[in-house]
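**Q** return atomic coordinates for the entry below.
(chains A and B)
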Amino acid sequence: FTTSLLLGTTMTISSNHWIMAWAGLEINTLAILPMISKSHHPRAIEAATKYFLTQATASALLLFSSMINAWQTGQWDITQLTNPTSCLILTSAIAMKLGLVPFHFWFPEVLQGAPLTTGLLLSTLMKFPPITLLYMTSPSLNPTVLTFMAILSTALGGWMGLNQTQIRKILAFSSISHLGWMTIIISYNPKLTLLNFYLYALMTTATFLTLNSTKASKLSTLMTTWTKAPALNAALLLTLLSLAGLPPLTGFLPKWLIIQELTKQDMA
Amino acid sequence: MAVAVVLLSGAPFHGGCCRHKVFLSLLGPLLSNSKLYSSYRRPGAEPKKKLSWQNADFSFKKSIDHLKTQLSLLTKETQDYLQGPGGHPLSQHVLEQTRVLWQFRSQEDLNKWVISSDVEIGGKSKVYIKLGRNNQAALLYGTLNTEVPRDGETKYSGYCSMRSRPAVGSFNRKKYYDWSNFNSLYLRVRGDGRPWMVNIYTDPYFSHQKDDLYSYFMFTRGGPYWEEIKIPFSKFFFSSRGRVQDNQHPVWLDKASFLTLGLTIGDKVDGPFQLEIDFIGLLNDRAHREEFAYETYDKN
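**A** Residues are numbered from 1 along each chain as shown, chains lettered A, B, ... in the order given. All right, here's what the predicted structure looks like:
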């Protein structure tokens, strides 16, 4: 399954044709489903079902968008998405794939039902192909819609993560919030989106791997990990602060650059 | 359609009053709002007198009062949200080791529970609930009757149960509770020696899991003394539609949304039963290290 995930991701990020990109996304979706439902617990099955339904819908919308563009313009090139209807449908499809507000409701539930390592893949590897598609089509997309979704994602990701007690759900809302930051700058400086994504993936990987080694899935368990691995706990503290975006840690860098770029665009 | 026309045109021979009856007899099954596959009503089920939309109350004043109640609930929920998870500070959530969920001190506490018995399938068991002496406990009592209703399809009968109403927030939204800090159910009861079954229904999202139930037994001692029964959640086994499943897994308590706790008696013994319940709560038993009591099978 891991090989299929890598295959699907590689297919999507290296494709120029919409059909290849769509096929890569579908391979990713199908490959991760058995990993989510590995434990066969009803909650895991529920998470897998929710994931499949949302991702299948998003894939269908993506294909529909590319077909409309192909019908209107006669070509299937990803970077040549010019039809406005196609752009709007693609925006909603990518938002659903990523978990941007208002298509974010599935993400915390799916992450909570999946094991920690699969959660890591869902938060990092599965975000890579849609971000790539967004990067390639960013000149054609409506900045207002993207900005609106990004601001809502950042705000709601922070607000809804406040009273969570399950760590996976907290990280899901953190992911939604970070995706908001990535999306808001994509129309003006797409390279900052990629920088934000790479740093976010690095920090999230570190967090998930630490939590996996200490088997901490809720806050009360996390409270007692310092007795078992004090150095790891200290490193986790720094990683979480970095994920939150506090200076002088790495996580502050993309936020600083994004705000600087937005200021230049008279938005901040 | 042609048959209907012929019959209707033939109706005047029988008199104008019969035309209406002929029409209804032809289209009755389609016009009736009973289930399309069966209109059989089980012996214990009450006949449906009113349609569901006819039960709606269109009173303006009541709707304004209801809206005010819901808005005040929403305000309280927002204030609780600002305070911390479950309306309590985070430190309380992280450090607490016990929590009382239901205690029976007033009629309001009793209203949070629903009692039922095999009367709903045509049986003859009786169950009642009332406040015990000095309003210090709930008394669940009645008579179990294992006589099978003679409807040709029921094979077993004789059960009585008491189930908690699921908690709803403002505007009838589901309330989510996190019970993952606890690992045992704690009940202070005084029974009559009869065995009970404790059932947990976690409201799953998809309809194919709606029959899933987690159960365990509660053996009461009887006698004049109260007993405190601790049932670890690791002991609850998984069943669906009343059948214990081969694939067992522990109950997840991180999203106890719409969770219903039920106490059922169905020990196939005719006669009276009685159970007094002081309170039902949760406990984090640090000495209990078991994760799951039953073997889980790893599939390929």
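**Q** CA atoms for contacts and neighbours, from now on please.
**A** Fine.
**Q** beta-bridge partners for the residue lying closest to B:Thr98 once chain neighbours are set aside, please?
**A** Nearest non-adjacent residue to B:Thr98, counting by Cα to Cα, 6 or more residues apart in numbering or on different chains: B:Leu283, 4.5 Å away. The partner list for B:Leu283 in beta bridges (DSSP bridges) reads B:Thr98, B:Ser184.
**Q** quick one: low-confidence residue ranges for the chain.
**A** As the question left the chain open, I've gone with chain A. Regions of chain A meeting the criterion pLDDT under 70 cover residues A:268.
**Q** that's the wrong chain, I meant chain B
**A** Using pLDDT under 70, the flagged stretches of chain B are B:1-46, B:48-49, B:256-259, B:297-300.
**Q** what residues does the stretch 101-250 of chain B put near chain A?
**A** B:Asp178, B:Ser180, B:Asn181, B:Pro204, B:Tyr205, B:Phe206, B:Gln209, B:His249 (Cα under 8 Å from any Cα of the partner chain).
**Q** any quick ChimeraX command for the buried ones out of the residues you listed?
**A** Restricted to buried positions by 16 or more other Cα atoms under 10 Å in any protein chain shown, the ChimeraX selection for those reads:
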select /B:178,180,181,204,209,249
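**Q** ok, which pair from the residues of the stretch 101-250 of chain B next to chain A is furthest apart?
**A** Farthest pair in these (Cα to Cα) is B:Asn181 and B:Phe206. Separation: 25.7 Å.
**Q** output stretch A:13-24 as PDB, nothing but the C-alphas.
**A** The C-alpha coordinates for stretch A:13-24 follow below in PDB (Å, rounded to 0.1, in the frame of the first residue of the first chain):
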ATOM      1  CA  ILE A  13       2.900  15.600  -9.200                       C
ATOM      2  CA  SER A  14       4.700  14.700 -12.400                       C
ATOM      3  CA  SER A  15       1.700  14.700 -14.800                       C
ATOM      4  CA  ASN A  16       0.700  17.300 -17.400                       C
ATOM      5  CA  HIS A  17      -2.500  15.700 -18.400                       C
ATOM      6  CA  TRP A  18      -5.600  15.900 -16.200                       C
ATOM      7  CA  ILE A  19      -6.500  12.200 -16.600                       C
ATOM      8  CA  MET A  20      -3.000  11.200 -15.200                       C
ATOM      9  CA  ALA A  21      -3.400  13.600 -12.300                       C
ATOM     10  CA  TRP A  22      -6.900  12.200 -11.600                       C
ATOM     11  CA  ALA A  23      -5.600   8.600 -11.800                       C
ATOM     12  CA  GLY A  24      -2.900   9.400  -9.400                       C
END
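**Q** how deep is A:Ile36 tucked in, by neighbour count?
**A** Other residues lying near A:Ile36 total 28 when counted by other Cα atoms under 10 Å in any protein chain shown.
**Q** for A:Glu261, same thing?
**A** A:Glu261 is flanked by 17 other residues according to other Cα under 10 Å.
**Q** distance from the chain centre to the helix or strand containing it, please.
**A** Using DSSP states H and E, A:Glu261 sits in helix A:252-264. Relative to its chain's centre, helix A:252-264 lies at 20 Å (Cα atoms, centre = their mean, to the nearest Å).
**Q** how about it: buried residues?
**A** Buried-residue list, helix A:252-264, by 16+ other Cα under 10 Å: A:Phe252, A:Leu253, A:Pro254, A:Lys255, A:Ile258, A:Ile259, A:Glu261, A:Leu262.
**Q** same thing with stretch A:225-243?
**A** For stretch A:225-243, the neighbour count (16+ other Cα under 10 Å) marks A:Thr225, A:Leu232, A:Asn233, A:Leu236, A:Leu238, A:Thr239, A:Leu240, A:Leu241, A:Ser242, A:Leu243 as buried.
**Q** is that stretch in proximity to chain B?
**A** No: residues of stretch A:225-243 contacting chain B under Cα under 8 Å from any Cα: none, with a closest distance of 13.5 Å.
**Q** for that stretch, output the C-alpha coordinates as PDB.
**A** C-alpha atoms of stretch A:225-243 as PDB (Å, rounded to 0.1, in the frame of the first residue of the first chain):
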ATOM      1  CA  THR A 225       5.200  10.900  28.900                       C
ATOM      2  CA  TRP A 226       7.800  13.100  30.500                       C
ATOM      3  CA  THR A 227       8.500  10.300  33.000                       C
ATOM      4  CA  LYS A 228       9.200   7.800  30.200                       C
ATOM      5  CA  ALA A 229      11.100   9.900  27.700                       C
ATOM      6  CA  PRO A 230      12.000  13.300  29.100                       C
ATOM      7  CA  ALA A 231      14.300  14.400  26.200                       C
ATOM      8  CA  LEU A 232      11.700  13.300  23.600                       C
ATOM      9  CA  ASN A 233       9.100  15.200  25.500                       C
ATOM     10  CA  ALA A 234      11.200  18.400  25.500                       C
ATOM     11  CA  ALA A 235      11.800  18.000  21.700                       C
ATOM     12  CA  LEU A 236       8.000  17.500  21.300                       C
ATOM     13  CA  LEU A 237       7.500  20.800  23.100                       C
ATOM     14  CA  LEU A 238       9.700  22.600  20.700                       C
ATOM     15  CA  THR A 239       8.100  20.900  17.700                       C
ATOM     16  CA  LEU A 240       4.700  21.900  18.900                       C
ATOM     17  CA  LEU A 241       5.700  25.500  19.500                       C
ATOM     18  CA  SER A 242       7.200  25.500  16.000                       C
ATOM     19  CA  LEU A 243       4.000  24.100  14.600                       C
END
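**Q** what is the nearest of the residues of the stretch 101-250 of chain B next to chain A to A:Leu116?
**A** So of those, ranked by how close each gets to A:Leu116 (Cα to Cα), first place is B:Ser180, at 16.7 Å.
**Q** need the residues of the stretch 151-268 of chain A near chain B, please.
**A** Residues of the stretch 151-268 of chain A lying near chain B (Cα under 8 Å from any Cα): A:Asn163, A:Gln164, A:Thr165, A:Gln166, A:Lys218, A:Leu219, A:Ser220.
**Q** take the residues you listed and write them to CSV, including secondary structure, distance to A:Leu98 and neighbour count.
**A** Shown next, in CSV, are those (DSSP: H, G, I helix; E, B strand; the rest coil; distance: Cα to Cα, whole Å; neighbours: other Cα atoms under 10 Å in any protein chain shown):
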residue, secondary structure, distance to A:Leu98, neighbour count
A:Asn163, coil, 23, 18
A:Gln164, coil, 21, 19
A:Thr165, coil, 23, 23
A:Gln166, strand, 21, 21
A:Lys218, strand, 24, 20
A:Leu219, helix, 26, 17
A:Ser220, helix, 29, 19
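**Q** and B:Gly191, how far from A:Thr144?
**A** According to Cα to Cα, to the nearest Å, B:Gly191 stands 66 Å off from A:Thr144.
**Q** higher neighbour count, those two?
**A** A count of neighbours by other Cα under 10 Å puts B:Gly191 above the other of B:Gly191 and A:Thr144, at 25 against 11.
**Q** contacting residues around the more buried one?
**A** Residues in contact with B:Gly191 (Cα atoms under 8 Å, 6 or more residues apart in numbering or on different chains) are B:Thr220, B:Arg221, B:Gly222, B:Gly223, B:Gln274, B:Leu275, B:Glu276.
**Q** buried set for whichever helix or strand the last one is part of?
**A** The one in question is B:Glu276. In this assignment (DSSP H and E), B:Glu276 forms part of strand B:271-283. Buried residues in strand B:271-283, defined by neighbour count with 16+ other Cα under 10 Å: B:Phe273, B:Gln274, B:Leu275, B:Glu276, B:Ile277, B:Asp278, B:Phe279, B:Ile280, B:Gly281, B:Leu282, B:Leu283.
**Q** same question, stretch B:158-178
**A** B:158-164, B:166-167, B:170, B:175-178.
**Q** give me the longest helix you can find in the chain.
**A** You didn't pick a chain, so chain A it is. Using DSSP state H to define each element, chain A has its longest helix at helix A:42-73.
**Q** my question was about chain B, not that one.
**A** Longest helix in chain B, counting by DSSP H: helix B:60-83.
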